[in-house]
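*Asks:* Structure, please.
(2 chains)
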Amino acid sequence: MARRVPGLDRVLGRARLPRRPSALTTKTLADSILRLSPVSLLANPVMLIVELTFFVVAAMAAYPYAFVPFASPGERGFYAEVAAILLVTVWFSTLSDSLAEQQAKNTASSLKQLETEVPAKKVITEGWERQIVRTESTKLQKGDLILLEKGDVVPMDAEVLEGIAMVDESLVTGESVAVRKAPGDSLIGGSKVASDTMTARVAVNPGESYLDQMVRLVESSKRPKTPNEVAITMVLFGLSAVFTIIIASILGLSVTLGLSVDLSVLIALYVCLLPTTIGALLPAIGLSGISRLYERKVVAKSGRAIETAGDTDAILLDKTGTITVGNRQAVEMIPLGGKTEREVGEAAFLSSWFDDTPEGRSVIRLGYEKGYVPRELNALTMSEVYDFSAQTRTSGVKLHFGASFVLPKGSVQRVRRKFYLEDASEQGMHLSGEETEIVKGAPDSFLKSGFKLPQGFKELVDKVASEGDTPMAVARDHEVIGLVRLKDVLKPGTREKIEAVRSMGIRPVMITGDQPLTAKSIASEVGIDEFVAQVRPEDKYSIVLKEQSQNHIVAMIGDGTNDAPALAAADVGLSMNSGTEAAKEAANMVDLESNPAKIIDVVLLGKQLLMTRGAVTAFSISNDVAKYFAILPVMFATAFPALRSLNILGLDLQTAVLSALIFNAVIIPMLIPLAMRGVTFKPSSTMSLFLRNVLIYGVGGVIVPFVGIKLIDLLLGVL
Amino acid sequence: MIDAIQALTVVAILASALISGSLLAPYVVRVLTGAPTRLDRLLDPVEKRVYRLIGADPAVTMGWKQYFFAALLLNVAQMAIAFAILVGQGVLPLNPQGFPGLSWDLALNTVVSFATNTNLQHYAGEATLSYFSQMTAIQFLQFTSAATGICVMAAMVRGFKPGSVHMGNFYVDFVRVLTRIVLPLCVLAALVLVALGVPQTIGGYVTVKTVEGATQTLLVGPVASLVAIMQIGTNGGGYFGANSAYPFQNPNPATDVLQIYLMLLIPTTLIFVFGEMIGKKKETRPILIGSYTLLAVDLVMAFLGSIPVVGPGIETRFGGFFSTFWTVITTAVTTGSVNASLAGINPLGILSAFMGMLIQATPGGKGVGVMYMIMYVVITVFVVGLMTGRTPEYLGAKINARDVKLVMIAFLVHPIAILVPTIAAYATKAVDAIPGFSSLPTSVGFTQVLYEFTSSAANNGSDFFGAAANTPFFNLATAAVIFVGRYVPIAILLALAGSMIGRKRVAQQSLRTDGVAFSVVLIGSILLLVVLTFLPFLMLGPLLTYFQGMVNFFG
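*Replies:* Numbering: from 1, shown residues only, chains lettered A, B, ... in the order given. Next up is the predicted model:
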């Protein structure tokens, strides 16, 4: 039995940004009316034709005598009605454009608010003097130095130069726990400094950030058409040409065969047959696709990228960040030998401060969460760091208390505020006072190297390991004081998302640096069959190329400079906003929340966009059958009464024309919500999606207008 | 309506065409892919000499432009030769009846018509053409046009085939198709036809005394060989003006059934050839299901009308059933031969005939039928395939904007080529030159004019007018329509196939095109496209005739 797959909305979760209903404001209305000018309709030829026919019928209403024998002067009222509906049809189309653009601007500006003007402290160096100038974020330029103190909002995207601090990025990324930022890390504009002080260099000019680029993408009315939109436009051109030939031929036959067809009726038939529905909604559908990505805080560099996302059939998923929360997370501090949890926590915190691995960071995070921030934190400035070595399989720190310390001159050169004992000794500094040494690492590495092991140590280690977690021992001054439990935490909802993409025929491939056995167990836990283990970041490029050589369309994620070639090579490259500039440049999408699992959402949203476009196109074309049967038989029946038998809707000539035209017009606003929201679908096999959509939009598109036109006809009869 | 036995006859003929088509297909594929065949020892030396003679290098592979222009050039050269023969037949040998040369416009119409596999005849063969003209100009073109159709289809399929790098060599294809497929089949068929009583002689018309004592001239000639190629090659141009309604071209029900079967044979075979050549036999399914289902729809529609046992225009030897059946098949495969007067067929039967010629792929003329079906598949895949949430692919290739543009242009050729001259025929009063036309009811007259140009554009060749349309306007207008209707779509579809060469093919196609589900959607989309385009005109023609309560088109 197939596993149940939840619907798209469940899979994607609620949009992060509040979706603002595009209320019909006066501004939108005015905009939609301005767009009625034939010049601005040049971009939408189908609607331009409709507007031209409006002018013709309006002229018929104004002076019918010029159109004899194709018009009868007694029908001026009817011509006026037809002209009015034609104009309204065009207006509905421009209205949908205005609404979609408004919606896109609204979401974009919600994102922009993250980057509103905030006070900034600019650092001006003159010689050896440093001066702090208070200014606004908008006045900063790329390369300016800024001072960030506890409680400050980072004014612009920047790069840390000096200092280590905890930064709260929750406003920007939704990640609730503060992140440690050290020199070299990037800061996201809008995030908040939670502790400590640092100096940073502004990385962008105002108006250059991705948010700005993105807003420009929306606001530009000359948004380039995507390849897929061009192809659809070709279909619309082709159909319009076919219908133009047909109408011209009927006009010709009307003369030669004496059909006495009224020009306004023929024009009405023409407009009904033209693919007005899809013609009107095509721009709105594309824009809404961009909006839906914005709502999830993903910025696409082009509409084309979103389409390609829909075409993806292989997704390379980094285990870390996508399938699991990180490379093993510290979840518990377990004291041993009569120590308290706090002692273990503080020791682990100190030993992890300089540890940049995800495990190390997770220890810091757990320490913060539990409130185990040690008082010795400031002593870290004078510490000796033991980097992880494969030999000892431990890392740690040696703290010196009570030392005085002066910043050497020319400190700009230093990238890390990390001192090695040797350096300090060489510079002739005297180190005195107490020392404490904290070491953490794999438990077995403590067995032989002369550490004091508390009772029950081995038993506890085995217990943690047997539960599928990784134990990490912490020792202070050569005495093991406890364990930290590291867990590979699966991201919530990942399983469902992977199931969803798999059911749509997309291959998820897990990429991890883990050993194959570990990789396999995690992959199978989330339902992934394929994985590549022991991958170094630079291997990703060759993995992308390998997939592409097997003719797959590949989506991948990345954040490091190492990832840039792979991001550029992949068909869809999603970069993390927290990533390096090189990665962001190489990718064609950036996730502001830096959540690698978004790649799946992006693919599903791309599919939704293509599906919506196809559905409205199919609906629009199938609608023509009913419109033919509404107008044609009654139109020809004037000359050939025998054709009344084909008038299956039982209409009169004028009400037939009006009903079909009204249906043709009102279907546009009725479908605006569908165009803006996108077709809802349940991720499932291509074939069942296909059949479902063909049934709803293709077959439904044939039936609905029969009902609709008849209802409008009855309504007109009542009026 | 028809009875059970008649229904069984229909099913039996269609089934035998399907079975023999599927059996013949592997052989045709061997011929088209250059694999060894049993005829090689006999033909290879001949072919080598032919290639040397025409200066063609069989090792050269062609792109779509080279292939198309090679085909076009050869066809035009053949037209020129045939034109000279027809105009000059008065001074050429084998002319026992002493027929004079044809007028230039009739000759032009005839050669264009025959070189394009259309075989619209604005003349009655027995009263116009010498033996020499019949055997060289007419029959020669019937062979070459049939071979050309198969060749361009092979080229198109090669383009679509994943991993292909060229479209083949036209000259090689042409020679191999002619010598290994068309000729052997025709020899076989002609022998069977002779055995069944169709004459084959160049001895001149025979004058005999009838049992009643009167003298009668029997119009005999090399008929069997021509009938074989006209049906097998879906040409349709008969020896006699009355085509297969004439006893010497179609003496008895056995030859009638055989000719229906022969018409279906190669078009059906080529459907199977498509899947085999592509390397994915399952991809034959949508084309097979699509074309035969639409054919079944046409047959049902035609048989729903009144089927007279005898009546004006209906050949008494076969009756209304066989006449209607033949009419639907001959338009479905764009042969255009007839075994009754079209005017005697009921309006729904004529509506079916229109559908066959407008769709052009039920299963359509040899080669081009499959090409049109691929065109329909591409446009259907594009529009409905989007609804699966991925840029649609066919045979692994993504459908891009240019493909869609080409398909739309190819699709536009038909309405333009049919509607513009139809209106022009009325506007220029050219229709009034046809004897008796002005006395016809509007619906009947319009049906006949529309049919003339639909048949020309679809390269079918059947018509209501026959020799009556031998006027400069109709000769030249239909010649132009035939030419455009043949070569423009072929050029565009070859261009489409050419652009597929070297295109990246996705490993896994999002929407499977080889299943029943897609086939059903394909049928719906073909009907939708064709009905949307031509409904107004069908409504003024055969549908109006039907609703006016007429049983045939004698007015």
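*Asks:* make it CA atoms for all contacts and neighbour counts henceforth
*Replies:* Will do.
*Asks:* what's the domain layout of chain B?
*Replies:* Listed by automatic domain parsing, the domain ranges of chain B are B:20-276, B:366-547.
*Asks:* Mind checking if the first one is in reach of chain A?
*Replies:* No. Between domain B:20-276 and chain A, judged by Cα under 8 Å from any Cα of the partner chain, nothing touches; the nearest distance is 11.8 Å.
*Asks:* Nearest to residue A:96, out of the domains of chain B?
*Replies:* Residue A:96 lies closest to domain B:366-547 among the domains of chain B, at 21.4 Å (Cα to Cα).
*Asks:* Which secondary structure state is assigned to the most centrally placed residue in chain B?
*Replies:* The residue lying closest to the centre of chain B (Cα atoms, centre = their mean) is residue B:334, at 3.1 Å. The three-state assignment at residue B:334 reads coil, by DSSP: H, G, I helix; E, B strand; the rest coil.
*Asks:* returning to that earlier point: select from the domains of chain B the stretch with the lowest mean pLDDT.
*Replies:* When the domains of chain B are compared by mean pLDDT, domain B:20-276 comes last with a mean of 90.
*Asks:* if we can go back for a sec, ok, and which of the domains of chain B has the densest surroundings?
*Replies:* For these, the largest average neighbour count (mean count of other Cα atoms under 10 Å in any protein chain shown) is found in domain B:366-547, namely a mean of 22.
*Asks:* Kindly check the end-to-end length of that one for me.
*Replies:* End-to-end distance for domain B:366-547, by Cα to Cα, to the nearest Å: 34 Å.
*Asks:* re earlier: quick one: contacts for the residue nearest to the centre of chain B?
*Replies:* B:118, B:234-235, B:356-357, B:360, B:364-365, B:458-461 (Cα atoms under 8 Å, 6 or more residues apart in numbering or on different chains).
*Asks:* hmm, 6 Å instead?
*Replies:* Counting by Cα atoms under 6 Å, 6 or more residues apart in numbering or on different chains, residue B:334 makes contact with B:364-365, B:460.
*Asks:* Would you mind giving those residues as TSV with secondary structure and distance to residue A:394 added?
*Replies:* Below are those laid out as TSV (DSSP: H, G, I helix; E, B strand; the rest coil; distance: Cα to Cα, whole Å):
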residue	secondary structure	distance to residue A:394
B:364	coil	78
B:365	coil	79
B:460	coil	86
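*Asks:* Not counting sequence-adjacent ones, nearest residue to the residue nearest to the centre of chain B?
*Replies:* residue B:460 (4.2 Å; Cα to Cα, 6 or more residues apart in numbering or on different chains).
*Asks:* Need the pLDDT of residue A:210.
*Replies:* Listed pLDDT for residue A:210 reads 59.
*Asks:* again with the one 3 residues further on
*Replies:* Note for residue A:213: predicted pLDDT of 64.
*Asks:* and the residue located most distally from the centre of chain B, which of the three is it?
*Replies:* Largest separation from the mean C-alpha position in chain B: residue B:213, at 42.9 Å (Cα atoms, centre = their mean). Using three-state DSSP, the secondary structure recorded for residue B:213 is coil.
*Asks:* Now it: phi and psi?
*Replies:* phi 100, psi -10 (degrees, to the nearest 10).
*Asks:* ok so, going back, ok, the residue nearest to residue B:334 touching residue B:336?
*Replies:* Yes. Using Cα atoms under 6 Å, residue B:460 is in contact with residue B:336, at 4.8 Å.
*Asks:* what residues are up against the residue in the stretch 1-150 of chain B positioned nearest to chain A?
*Replies:* The stretch 1-150 of chain B approaches chain A most closely through residue B:1 (21.2 Å), counting by Cα to the nearest Cα. When contacts are counted by Cα under 6 Å, 6+ apart, residue B:1 touches B:303-304.
*Asks:* make it 8 Å
*Replies:* Each residue near residue B:1 by Cα under 8 Å, 6+ apart is listed here: B:303-307.
*Asks:* what's the answer for residue A:693, then?
*Replies:* Applying Cα under 8 Å, 6+ apart to residue A:693 gives the contacts A:615, B:387-388.
*Asks:* Now with 6 Å, please.
*Replies:* Going by Cα under 6 Å, 6+ apart, residue A:693 touches no other residue.
*Asks:* Go through the helix or strand where it lies and flag the buried ones.
*Replies:* Following DSSP states H and E, one finds residue A:693 within helix A:686-693. Applying a neighbour-count criterion of 16 or more other Cα atoms under 10 Å in any protein chain shown, one finds A:686-691, A:693 buried in helix A:686-693.
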